[in-house]
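> 3D, please:
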Amino acid sequence: MEFIADFHIHSKYSRATSEAMEVEELARWAKLKGITLMGTGDFTHPMWLMELKGKLRPSADGLYEYNGIYFILTCEVYNNFYVEGKSKRIHNIIFAPSFDVVEKLNNKLQGYGDLVSDGRPILNLNARDLVKICLDISPDCFIVPSHAWTPHFSIFGSNSGFDTVEECFGDQTKNIYCLETGLSSDPPMNWRLSKLDRYALISNSDSHSPHRIGREANAFNCDLNYKEVINAIKSKDKKRFLYTIEFFPEEGKYHYDGHRNCKARVAPKEAIKNRNLCPVCGRRLTVGVMHRVEDLADRPEGFVPDDAISFKHMIPLDQIIADARGIGEATQSVEREYMELVNKCGSEFNILLRMNGDELKGKLPQRITEGVIRVREEKVNILPGYDGEYGTIKIFSEEETGEKQLTLF
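Numbering: from 1, shown residues only. As a prediction, this is how the structure comes out:
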């Protein structure tokens with residue numbers, strides 16, 4: 001069956017996360033979005049694990065179900081370790097095939113950090129040993145480096161990362177099959193590195209609130225069970241792993257170089273000319289994803305590997321509605337119109353990905369139909385994100401919306 005999956009989220013027990021991130025709301029929003037399979041996130045947290053056990057019922061092999069939505073057991077951990085005297089801070093996603101495996105894994109990991117204080121625990125454990133521990137407990141565990149390019153807490157991050165997968169995972173590199181692109185990178189950026197060709201690329205929301213699930217996701221056409229999904233990713237099987245759904249990477253928080261406090265957004269080439277120093281305060285810029293890709297790439301822009309899984313850039317429907325109406329995303333009128341359109345059309349992904357032009361025109365207001373079509377055709381204008389600030393995306397021009405021109409820095 002064809003379905004959409006979002007594997008990486010956080011529960012209400014993670015820091016800076018909405019109290020609404022609980023099973024009931026996740027299932028409700030998954031239906032609105034058109035997501036069939038959700039990652040649970042945070043299975044290392046004892047309170048969240050207790051809730052998951054109480055609310056999810058076993059379904060297909062290795063998956064669980066609540067109110068028609070399937071769940072796969074996942075968590076993100078923060079590996080804090082040193083290599084040759086240098087601090088390394090890497091986030092990794094762990095997939096587990098059962099609650100029994102999760103219990104054994106948590107019993108082991110609690111020796112390396114506090115699992116109670118945060119849903120994404122800090123573990124004094126190197127990435128290589130994490131993989132070995134997981135696979136020793138169950139060979140069906142699956143480990144994926146999170147948001148692989150963000151400057152902070154990622155495998156290729158400019159602040160504390162590595163230049164290769166091998167440097168990070170050592171002799172356990174053979175057990176790494178996949179990378180998560182993160183909001184600030186997309187497949188074409190990763191395809192520029194020939195050394196990443198053997199890895200599948202997945203995309204997930206890393207959501208901290210229910211309405212943001214699915215902002216990045218993955219489309220499959222396979223049986224709904226744990227081993228089938230993991231195998232589709234590992235094998236990069238285009239018949240089963242169809243495509244990823246991606247942010248426009250410029251919209252991510254770390255696409256360009258910059259200094260948030262100085263309101264300085266700097267393109268990589270300009271940063272390099274200025275020795276990566278802030279043009280306002282003179283201190284070192286936060287080096288963004290695009291700059292880091294340029295540093296490590298051995299291919300030109302536009303290269304596509306033969307076995308690459310395809311992708312689709314997408315903008316969430318509430319953003320399209322807000323831009324079409326010339327109002328803020330968080331307004332009640334946007335929320336009302338979003339709910340009305342989703343209920344009329346089946347789901348958000350049905351609108352964004354599946355309905356043809358005539359169907360859109362028959363069920364959506366003209367301006368919103370135009371917005372959806374422009375996004376599909378990638379006819380958008382984006383001011384890139386930098387140093388923790390999301391990029392600004394515009395579908396309609398100033399003349400079309402009547403808005404005042406954005407102040408650009």
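> domain map for the chain?
Residue ranges for the domains of the chain, per automatic domain parsing: 2-250, 317-379.
> and those domains, which is most packed in?
domain 2-250 (a mean of 20; mean count of other CB atoms under 10 Å). In short, each C-beta sits where N, CA and C put it, glycine included.
> just to revisit the earlier point, the domains of the chain: which one's closest to residue 294?
domain 2-250 (8.5 Å; CB to CB).
> chain center to the closest one, what's the gap?
9 Å (CA atoms, centre = their mean, to the nearest Å).
> equivalent analysis for stretch 327-334, please.
24 Å.
> ok, residue 142 - contacts?
94, 95, 177, 178, 230, 233, 234 (CB atoms under 8 Å, 6 or more residues apart in numbering).
> quick one: which of those sit in strands?
94, 95, 178 (DSSP state E).
> the residues you listed into a markdown table, with extra columns for pLDDT and distance to residue 117?
Formatted as a markdown table, the ones in strands among the contacts of residue 142 follow (pLDDT from 0 to 100; distance: CB to CB, whole Å):
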| residue | pLDDT | distance to residue 117 |
| --- | --- | --- |
| 94 | 98 | 18 |
| 95 | 98 | 23 |
| 178 | 98 | 28 |
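> which of those residues sits closest to residue 131?
residue 94 (9.4 Å).
> where is the longest helix in the protein?
helix 332-345 (DSSP state H).
> average pLDDT for that one?
Across helix 332-345, the average pLDDT comes to 97.
> can you tell me which of the contacts of residue 142 is nearest residue 257?
Checking the contacts of residue 142 one by one against residue 257 (CB to CB), the nearest turns out to be residue 178, at 27.4 Å.
> the closest one bridge partners, please.
Taking DSSP bridges, one obtains residue 200 as the residues bridged to residue 178.
> for the stretch 251-400 of the chain, what spans make up the strands?
257-259, 264-266, 310-313, 381-383, 392-394 (DSSP state E, counting those that start in this stretch).
> and those: which comes nearest residue 78?
For residue 78, the closest of these is strand 257-259, at 23.9 Å, according to CB to CB.
> which helices and strands sit right next to that closest one?
The helices and strands touching strand 257-259, judged by 3 or more CB pairs under 8 Å, 6 or more residues apart in numbering; DSSP states H and E, are strand 264-266.
> related to what we said a few turns ago, CSV please, covering the strands of the stretch 251-400 of the chain and showing mean pLDDT and mean neighbour count.
What follows is the strands of the stretch 251-400 of the chain, written out as CSV (pLDDT from 0 to 100; neighbours: other CB atoms under 10 Å):
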stretch, mean pLDDT, mean neighbour count
strand 257-259, 96, 26
strand 264-266, 96, 24
strand 310-313, 98, 16
strand 381-383, 93, 16
strand 392-394, 92, 16
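> please produce TSV containing those strands, extended by distance to residue 324.
Compiled in TSV, the strands of the stretch 251-400 of the chain are given as follows (distance: least, CB to CB, whole Å):
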stretch	distance to residue 324
strand 257-259	29
strand 264-266	26
strand 310-313	18
strand 381-383	14
strand 392-394	11
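> how far off centre is stretch 387-401?
On CA atoms, centre = their mean, the centre of stretch 387-401 falls 21 Å from that of its chain.
> so for stretch 241-254, what's the average pLDDT?
95.
> starting at the chain centroid, how far to it?
8 Å.
> same question for stretch 261-272.
24 Å.
> quick check: end-to-end length of it?
End-to-end span of stretch 261-272 (CA to CA, to the nearest Å): 20 Å.
> identify the residues contacting that stretch?
256-258, 274, 278-281, 285, 287-288, 290-291, 294, 383-384, 386, 389, 409.
> what's the answer for stretch 295-315, then?
Under CB under 8 Å, 6+ apart, the answer for stretch 295-315 is 156, 163, 186-188, 191-195, 197, 200-201, 203, 215, 236, 238, 241-248, 251, 352-353, 375, 378, 380, 393, 395.
> what's the answer for stretch 23-37, then?
Residues contacting stretch 23-37 (CB under 8 Å, 6+ apart): 3-7, 9, 38, 51-52, 55-56, 63, 66-72, 210-211, 213-214, 217, 220, 224, 229, 339, 342, 346-350.
> ditto for stretch 107-126
In contact with stretch 107-126 (CB under 8 Å, 6+ apart) are residues 10-11, 13-15, 17, 41-42, 44-48, 75-81, 83, 88, 91, 106, 130, 133, 137.
> check stretch 157-171 too.
Taking CB under 8 Å, 6+ apart as the rule, stretch 157-171 contacts 83, 86-90, 127-128, 131, 145, 149-156, 173, 175-176, 179, 195-196, 199, 286-288, 291-292, 296.
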